[in-house]
Structure formats: structure tokens, C-alpha cells
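In: Structure for this input, please:
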Amino acid sequence: SDLTCTWTYSKPGSVGLPYPGNEIIVYKEGTTERLGPNEIGEICMVGKYPMNGYYKNPEDTEKVLITLPDGRQSIMLGDMGYVDEDGFIFVKGRKTDRLTANTGQIWPIDLESILMGTGLVKYCCVSNSKVEGQLTAYIETDENKKDDIIHKLTELIHKSPEYENLDIVFQAVDQIPLTF
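Out: Model prediction:
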């Protein structure tokens, strides 16, 4: 007889499951209101391995270490994301990574994932523009086709209901600096 395993230890887009002995809780930002599966909030870790604090920095330590109502110590990680119904963790970005666009708060990684998924760009980076409420997508792409590619990317972004009114400009660059 064949044995089939239906459990997986990974999901596309997830950073994985919590390390054994740790629990990941997602709170509504700035509160200790626990959110349910697939609700985006601030990620908190509860477990056997809490940190003692930031070295010689009690002010920042106080901001991230909290005691839960049941007395357990937890660490507010500074990441925003969610846990799905199977316990997999999905990180949207750092709390400080959100950009303010004309349509509201935007996670750059969401737009960058769409752009990278087209196969039209080698690398990209979405950031605030010099114009308030406008975003700039810096793209590394084929120099000979850049105008056509920028046109296609603009159409693609604006076809998405979430981004149809987004004020975004594309700028082709020779190279996007990377750190490894």
C-alpha cells in the first residue's frame, strides 16, 4: 500500500511555522487585542527563549517586552503580518516599512511581488516619491524595451482593484543596489 503525506512544512510566501516551544500571536497594532487567522497586525513571539533586553537601552526594551495577562513574557517583533489557519507565519514587512500613498498605507513588498512576478523586471524597489502621496517604482529592466515595459507595468498595476487609483510612477535604472 502507498503512504501519502498531506502535511507540509512550508507554504508559498510564508516564513514557516513557529519554532517548537514558541507561540506567535498577532495583535492589533498598538494594542493587546489578539487578531484571528489571516488578520494583519503586529507579530509577537511568546516562548522559552525571551531576550533579556537591549544592551544598555531600557527605553527600547520596555517598548518591545510585554507581559501577557497570563504572566508570560513576550516580544513585540516590530514586524507586521499574520498567521493563517494552519499556523504558518506571513510577514508583510517592518512596522516602519509602510508607505503612504494617495490610496492609503501600502506595503512595498506587495507591489514589488507583482512587478517581479511579471518577468519583465530583473529587480525592483518601491518607495515614496518626492511628490506627496505618490510612489516611485525603480525597475531594473531591458534598456531597449523600457518604455514598452513601463507602459505594461502601469496597465497591470491599475487593472488590480486594490491599486487602480494608485499614483505611481516607474523609473528605469541601470542597477538597483543590493546588499547580501
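
In: how about K63, secondary structure?
Out: For K63, the secondary structure call by DSSP: H, G, I helix; E, B strand; the rest coil comes out as helix.

In: Name the nearest residue to it, ignoring sequence neighbours.
Out: Distance criterion Cβ to Cβ, 6 or more residues apart in numbering; nearest residue to K63, sequence neighbours excluded, is M76 at 7.3 Å. The way it works is simple: take the backbone N, C-alpha and C, and place the C-beta from them, glycine included.

In: Can you give me the separation between the one you found and N57?
Out: Shown here: M76 relative to N57, a distance of 15 Å by Cβ to Cβ, to the nearest Å.

In: Can you pick out the residue with more neighbours from the two?
Out: Using other Cβ atoms under 10 Å as the criterion, M76 and N57 rank with M76 on top: 19 against 10.

In: so where does the more buried one fall, helix or strand?
Out: Assignment of secondary structure by DSSP states H and E places M76 within strand 73-83.

In: low-confidence ranges in this structure?
Out: Across the chain, residues meeting the criterion (pLDDT under 70) sit at 1-8, 48-50, 180.

In: now the strands for it?
Out: For the chain, the strands identified by DSSP state E occupy 22-27, 41-47, 65-67, 73-83, 89-94, 99-101, 104-106, 123-128, 135-140, 168-172, in order along the chain.

In: Pipe the ones you listed into CSV and attach distance to P161 per row.
Out: Supplementary listing: the strands of the chain in CSV, determined by distance: least, Cβ to Cβ, whole Å:
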stretch, distance to P161
strand 22-27, 25
strand 41-47, 23
strand 65-67, 37
strand 73-83, 20
strand 89-94, 19
strand 99-101, 15
strand 104-106, 14
strand 123-128, 18
strand 135-140, 17
strand 168-172, 15
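
In: And these: which comes nearest G13?
Out: Set against G13 and scored by Cβ to Cβ, the strands of the chain come closest in strand 89-94, at 5.9 Å.
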